[in-house]
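> with the input below, show me the fold.
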Amino acid sequence: MVQPLNTRMRRVVDRARQLAGDSAPLLLHGEFGVGKRMLAGLIHRWGPRTQAPAILVRADSEGPLFPAPPAAQASPPGTLILDEIGEFTLAQQDRILALITANEAATAGTEARPAQARIVATASQDLYAAAKKGQFREELLSFLMDEALYLPPLRERPEDIATLAEGMLRHFGRMYHRPGLTLDSQTRLALREYAWPENVHELRNAVERLVLTSKRSEMAAAELQLPLAADSSCSLSGQFLSLDAMEKQHILRVIRATATLEEAARILRVDITTLWRKRRRYGV
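Numbers count the residues shown, from 1 in each chain. Coordinates of the predicted model:
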């Protein structure tokens, strides 16, 4: 991970390193696309459990929610990364609670068996609001909030944008056999001034697209192909859009204009789960 220049984000990374050796549940929360899953993977790598796998679990994952560990476990257990824990059903949340309770008992030495995998959860949803509505277990929220790290959105740390983009440029340059790519000064300025509503996720897509489409070794701002402004997104040089493209643009416009996903879902007249599914479908 590139060391952030932004003071807030640097504190988050430093604290994540400190907590990597812990066994208590950890919550990483913040807007969609800020890099929560990436940081969860790094926490696993920085900790004592690297000999065992980090397993990404989503609400719609197939098979058992939590894989059973081997009966005789010589090495420390791995890490369960619970992606977007606010989307998990109440029944799934109950299983997480049972696992946390079992882990605490094993750590305290009250049970003659090793602790299970460490839990690192991510959340873009407001879990407090979900708990008030009865959609999230308050006891589980209490466990998760004992150690919680908030990742600020990219628009609040513009000094990190060019550094992140250059790292991505090197990554995709190697992937697509285009070494030595750079950003010109105007491109750096354009990257810094754009709001990045989809955060690091959107920046990564923009840089990859730039590597694939540009013929230059020094990337130019005009080639960035950032989304059109909201007032001009209805028409692309007179071309007609598919229904999917129109829905994607409308969802993106509403998300940009609202403070929370819950508010966006109310405006769109869909439930929050449907909005999450559409975001994943369209990469929004």
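
> and the next element down the chain from the helix or strand of the chain with the lowest mean pLDDT?
Every helix and strand of the chain was ranked by mean pLDDT, DSSP states H and E. The lowest is helix 243-257, at a mean of 77. Downstream of helix 243-257, the next assigned helix or strand under DSSP states H and E is helix 261-268.

> by how many degrees do the helix or strand that that next one is followed by and helix 261-268 diverge?
Following helix 261-268 in sequence order, the next helix or strand is helix 272-282 (DSSP H and E). Orientation check (axes from the mean of the first three to the mean of the last three C-alpha atoms, to 10 degrees): helix 272-282 against helix 261-268 gives 90 degrees.

> now what about helix 272-282, what contacts it?
By C-beta atoms under 8 Å, 6 or more residues apart in numbering, the surrounding residues in contact with helix 272-282 are 32, 84, 87, 125, 244, 247-248, 251-252, 255, 261-262, 264-265, 268, 270, 284. C-betas here are computed from N, CA, C, even on glycine.

> give me the buried subset of those.
32, 84, 87, 125, 247-248, 251-252, 255, 261-262, 264-265, 268, 284 (16 or more other C-beta atoms under 10 Å).

> helix, strand or coil for Leu28?
strand (DSSP: H, G, I helix; E, B strand; the rest coil).

> then Thr122?
What three-state DSSP gives for Thr122 is strand.

> what about it, distance to Gly173?
29 Å (C-beta to C-beta, to the nearest Å).

> more neighbours: which of these two?
Thr122 (24 against 17; other C-beta atoms under 10 Å).

> list the contacts of the more buried one.
By C-beta under 8 Å, 6+ apart, the neighbours of Thr122 are 27-29, 36-37, 40, 81-85.

> excluding chain neighbours, what is closest to it?
If you skip the residues right next to it in sequence, Thr122 has Lys36 as its closest partner in space, 3.9 Å away by C-beta to C-beta, 6 or more residues apart in numbering.

> ok, now which ones touch that neighbour?
Contacts for Lys36 (C-beta under 8 Å, 6+ apart) come out as 28-30, 122-124, 151.

> now these in JSON lines, please, with extra columns for distance to Leu140.
Output for the contacts of Lys36, formatted as JSON lines (distance: C-beta to C-beta, whole Å):
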{"residue": "Leu28", "distance to Leu140": "15"}
{"residue": "His29", "distance to Leu140": "14"}
{"residue": "Gly30", "distance to Leu140": "19"}
{"residue": "Thr122", "distance to Leu140": "14"}
{"residue": "Ala123", "distance to Leu140": "11"}
{"residue": "Ser124", "distance to Leu140": "17"}
{"residue": "Leu151", "distance to Leu140": "20"}
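
> and Asp14, helix, strand or coil?
Asp14 - assigned by three-state DSSP - is helix.

> among the contacts of Lys36, which one has the most neighbours?
Leu28 (26 neighbours).

> ok, now how distant is the closest residue in space to it that isn't next to it in sequence from Ile43?
Closest residue in space to Leu28, ignoring its immediate chain neighbours: Lys36 at 4.4 Å, by C-beta to C-beta, 6+ apart. Look at Lys36 and Ile43: by C-beta to C-beta, they are 11 Å apart.

> please apply the same query to Ala131.
For Ala131, the distance to Ile43 equals 24 Å [C-beta to C-beta].
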